[in-house]
Structure formats: C-alpha cells, structure tokens
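Engineer: A structural model of the following input is requested.
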Amino acid sequence: MPDDPTQPLKSPQFQVRIPLEWQDREDVPLVYANQVLVQHMGPEFFVVFGVVTPPTTTDQLPDSLKIRPQVRVAISRDMMPSIVQALQDSLQRARTQAQQGQGQQGQQGQQGSLPPGQTPSGQGSGESPSG
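Structural biologist: Numbers count the residues shown, from 1 in each chain. Have a look, this model is predicted:
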C-alpha cells in the first residue's frame, strides 16, 4: 500500500552518544556563598547563591540582615535530579572523610560534578544523547 501523501514524513529516530569532558575549570571565577535561594518557574529552576555577613557587635542589631546575591544559575528541570544526586553524593563523601579524619582532602575532579556514568539527561552511561 503506498504512503499517504497527506501525512508528514516520519524521520527515523536515533541517538548518538558523545562523551562529556570538563575543560578549563581553573579559569571559572570562584564565588563564595553561604546562602542559597531556589525558585521554580516554568521549565527551569533558578538557584541564587549569596553571602550574608553577620554583625560583629551586639550594640545595634539590625531588624534583618541583607543577603548579597553573588551568582544566579538557571537549570533545566531535566537536569535538576542529576544535580541533586551529585550534591548528595558529594556531601556523603565529605561526611565520610570527616568521620575518617581526612578533613578537606577530597577527591579532586569529583567535587560538584555529576556522578561517574551520569549524563545531563540523567540516563547514565557517561555520555550525552544528541541528534
């Protein structure tokens, strides 16, 4: 039976996997934060990292302390579970190391990165689908 000319052509679906590699991490500015605000609008999460400095004396305490935003990051909804998992894994490693008396000797290259084998889409395999 011939194809129906009124129906749109369907292109074959396939995935190409390309490994992800971090480059020039040392060139990215380091920003200190001791506060975080997470907001959700539409398909993105917005994470704002900020700094608050506590008063140094008790003479004149303010009614509130001002948080100075340092950086705002937009994150896709699909990427957020991978980021949460990476943060949980990193926190667990830090707690384990602290309990073992290792202090700040972390595993370089894994701090703040996705777990090994994790893709931005959360599918696993260390490679990113594209195509």
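Engineer: For the residue nearest to the spatial centre of the chain, grab phi and psi.
Structural biologist: Using Cα atoms, centre = their mean, the residue of the chain that lies closest to the mean C-alpha position is residue 83, 4.0 Å off. According to degrees, to the nearest 10, the main-chain angles of residue 83 amount to phi -70, psi -40.
Engineer: Any regions of this structure where pLDDT drops low?
Structural biologist: Scanning the chain for pLDDT under 70 picks out the ranges 1-5, 102-131.
Engineer: residue ranges for the strands of it, please.
Structural biologist: 16-19, 35-41, 44-51, 68-76, 127-130 (DSSP state E).
Engineer: Can I get those in JSON lines including mean neighbour count and distance to residue 93?
Structural biologist: C-beta coordinates here come from the backbone N, C-alpha and C atoms, glycine included. Conversion of the strands of the chain to JSON lines gives the following (neighbours: other Cβ atoms under 10 Å; distance: least, Cβ to Cβ, whole Å):
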{"stretch": "strand 16-19", "mean neighbour count": "10", "distance to residue 93": "23"}
{"stretch": "strand 35-41", "mean neighbour count": "11", "distance to residue 93": "20"}
{"stretch": "strand 44-51", "mean neighbour count": "16", "distance to residue 93": "21"}
{"stretch": "strand 68-76", "mean neighbour count": "12", "distance to residue 93": "22"}
{"stretch": "strand 127-130", "mean neighbour count": "13", "distance to residue 93": "23"}
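Engineer: can I get those strands in JSON lines with distance to residue 6?
Structural biologist: Supplementary listing: those in JSON lines, determined by distance: least, Cβ to Cβ, whole Å:
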{"stretch": "strand 16-19", "distance to residue 6": "31"}
{"stretch": "strand 35-41", "distance to residue 6": "39"}
{"stretch": "strand 44-51", "distance to residue 6": "38"}
{"stretch": "strand 68-76", "distance to residue 6": "36"}
{"stretch": "strand 127-130", "distance to residue 6": "31"}
